[in-house]
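In: the sequence isn't on hand, but the structure is:
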């Protein structure tokens, strides 16, 4: 079961994982209503290394990115749910709009995003590559998104 980390723990644990020879993988997102698309991408991300660090947007960050009606679930609940997934080793809540500071602390060997992004347009890419890591884009599960779930709930 994963752990929700403080900023003081994050860098130390990531460094310790690397010292043990582990390949560190990271990803990030809002994970507002956890669904099968999230579960599958987290599982695939974890399979790319030995441990998975998930950067979770804080409530304030989600609100700025998604609008006043979001998040549906608060950051503590979202972090706890993620921490219970078998594929997730560590969760860190960040307040910025991008995971750049999170990535500077973790310095993953691999950073994973969904294929709805392009490496060239991600602010994360130059950061990850600056310490020798790589950005990997994974295919999304068609028609599975928090936005589509929210829209479906509103229609019903």
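Out: Sure thing, it's come through. As the structure is a computational prediction, the values presented were derived from the model and not from experiment.

In: switch to C-alpha atoms for all contacts and neighbour counts from now on
Out: OK.

In: now the helices for the chain?
Out: 7-19, 36-46, 59-66, 75-83, 100-106, 124-130, 146-155 (DSSP state H).

In: buried residues, the fourth one. List them.
Out: Looking back up the chat, that one is helix 75-83. 75, 78-79, 82-83 (16 or more other CA atoms under 10 Å).

In: ok, and what's touching stretch 78-96?
Out: 1-7, 10, 31-34, 42-43, 46, 51-61, 75, 102 (CA atoms under 8 Å, 6 or more residues apart in numbering).

In: can we see that at 6 Å?
Out: Applying CA atoms under 6 Å, 6 or more residues apart in numbering, the contact partners of stretch 78-96 are 1-5, 43, 46, 51-58, 61.

In: what's the span of it, first residue to last?
Out: Length of stretch 78-96, first residue to last, CA to CA, to the nearest Å: 17 Å.

In: and it, how far out from the chain middle?
Out: From the chain centre to the centre of stretch 78-96 is a distance of 8 Å (CA atoms, centre = their mean, to the nearest Å).

In: list the contacts for residue 114?
Out: Taking CA under 6 Å, 6+ apart as the test, what residue 114 contacts is 137-140.

In: pLDDT and neighbour count added to those residues, as CSV?
Out: Output for the contacts of residue 114, formatted as CSV (pLDDT from 0 to 100; neighbours: other CA atoms under 10 Å):
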residue, pLDDT, neighbour count
137, 95, 17
138, 92, 17
139, 88, 13
140, 75, 16
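
In: check the residues you listed and tell me the two furthest apart.
Out: 137 and 140 (9.2 Å; CA to CA).

In: returning to that earlier point: got the buried residues of helix 75-83 as a markdown table, with distance to residue 121 columns?
Out: As requested, the buried residues of helix 75-83 are exported to a markdown table (distance: CA to CA, whole Å):
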| residue | distance to residue 121 |
| --- | --- |
| 75 | 27 |
| 78 | 27 |
| 79 | 27 |
| 82 | 27 |
| 83 | 29 |
